[in-house]
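Student: sequence plus the predicted model coming up.
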Amino acid sequence: MPVRIKICGLRTAQDVAAAVACGADDIGLVFFDRSPRHLTLDDAAELALTVPVGIRKVALTVDADDATLDALLARVPIDLLQLHGHETPDRVQEIRQGTGIPVMKAVGIAEAADLDELDAYMAVCEQVLVDAKPPRGGVLPGGNGLAFDWTLLEGRSWPVPWMLAGGLRPSNVAEAIRLTGAPQVDVSSGVESAPGVKDPDMIRDFCAAVRGV
Ligand SMILES: O=C(O)c1ccccc1N[C@@H]1O[C@H](COP(=O)(O)O)[C@@H](O)[C@H]1O
């Protein structure tokens, strides 16, 4: 099976076109106002219209309340919710049942013990996102371009689909896939020329590196 590719933090129709042309499977829209990739609902609704059928539209939220999620889903057609905050397994379950939208919960990894946290989420969501733990006191809970020790994942297998994220770039994604066996990869800052500014050449190189594994 080819490794699935998610390009996250797209903000313009040109970003979407570049990702789609290079074979991305998922595009990520960020709804977190402290992020340089944040989209308003109006901008996201317009951008969503440019995404071809068959490409999954993923909404990234951080500890969003029900009203925020309802407003988002009423305005923007979303295929998968990426929960990137401190949502507990109970809250994940509640969101999944309340919205009817499949959920991918992000879990931050810095050491082997952090992997235990994944188990509780496997039971309540469609997918998990295995990301680097954000730096203490950092502004963003993700999208920091930081990798974790991928050897922690060697020999692991999980019963639900999972995606690898954190510091992936065109130059390291092939090694990350080889070491971890990741069936899906997610990138944001690793294909940017500046925070929030996607670079079509880097998107192309990233996708080519994944497809070359
Ligand atoms: O991209 C963001 O701005 C962001 C904001 C808040 C939470 C998560 C965010 N991005 C996600 O973080 C990981 C890793 O990103 P990177 O490739 O290391 O920059 C990825 O899943 C993004 O979707």
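Tutor: Arrived safely, thanks for sending.

Student: please make it C-alpha for all contacts and neighbour counts, starting now.
Tutor: Fine.

Student: R34 falls within a strand, correct?
Tutor: No - if the criterion is DSSP: H, G, I helix; E, B strand; the rest coil, then R34 is coil and not within a strand.

Student: I figured it was touching G142, is that so?
Tutor: No - judged on C-alpha atoms under 8 Å, R34 makes no contact with G142 at a distance of 11.1 Å.

Student: centre of the chain to the lowest-mean-pLDDT helix or strand in the chain, how far?
Tutor: Least confident helix or strand, the chain: helix 116-122 with a mean of 94, by mean pLDDT, DSSP states H and E. The chain centroid and the centroid of helix 116-122 are separated by 17 Å under C-alpha atoms, centre = their mean, to the nearest Å.

Student: stretch 4-24 too?
Tutor: 12 Å.

Student: so stretch 170-188, near the ligand or not?
Tutor: Yes - using C-alpha under 6 Å from any ligand atom, stretch 170-188 reaches the ligand at 186-188.

Student: could you check how far the spatially most central residue of the chain is from Q14?
Tutor: Nearest to the geometric centre of the chain sits D186, at 5.2 Å (C-alpha atoms, centre = their mean). Noted for D186: a distance of 19 Å to Q14, by C-alpha to C-alpha, to the nearest Å.

Student: same check, this time on D70
Tutor: From D70 across to Q14, the span is 28 Å (C-alpha to C-alpha).

Student: now do L60
Tutor: Using C-alpha to C-alpha, we find L60 at a distance of 20 Å from Q14.

Student: between the two, who's got more neighbours?
Tutor: More crowded of L60 and Q14, by other C-alpha atoms under 10 Å: L60, with 23 against 15.

Student: SS state for that one?
Tutor: Secondary structure for L60, judged by three-state DSSP, is strand.

Student: please tell me I have it right and it contacts I27.
Tutor: No - using C-alpha under 8 Å, L60 is not in contact with I27; the gap is 10.3 Å.

Student: got a list of what V128 touches?
Tutor: 104-107, 118, 121-122, 160-163 (C-alpha atoms under 8 Å, 6 or more residues apart in numbering).

Student: for the helix or strand where Q14 lies, list the C-alpha coordinates in CSV.
Tutor: Q14 is part of helix 13-21 when elements are defined by DSSP states H and E. Below are the C-alpha coordinates for helix 13-21, written out as CSV (Å, rounded to 0.1, in the frame of the first residue of the first chain):
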residue,chain,number,x,y,z
ALA,A,13,-5.8,27.8,-3.6
GLN,A,14,-2.3,27.7,-4.9
ASP,A,15,-1.2,25.6,-1.9
VAL,A,16,-4.1,23.2,-2.5
ALA,A,17,-3.3,22.9,-6.2
ALA,A,18,0.4,22.2,-5.5
ALA,A,19,-0.4,19.5,-2.9
VAL,A,20,-3.0,17.8,-5.1
ALA,A,21,-0.7,17.9,-8.2
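
Student: residues in contact with that helix: which ones?
Tutor: Applying C-alpha under 8 Å, 6+ apart, the external contacts of helix 13-21 come out as 7, 10, 27, 47, 50-51, 55, 198-200, 203-204.

Student: make a PyMOL selection of the buried ones in these.
Tutor: To isolate the buried members of those in PyMOL, using 16 or more other C-alpha atoms under 10 Å:
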select buried, resi 7+10+27+47+51+198+199+200+203+204
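
Student: I appreciate the help and will end here.
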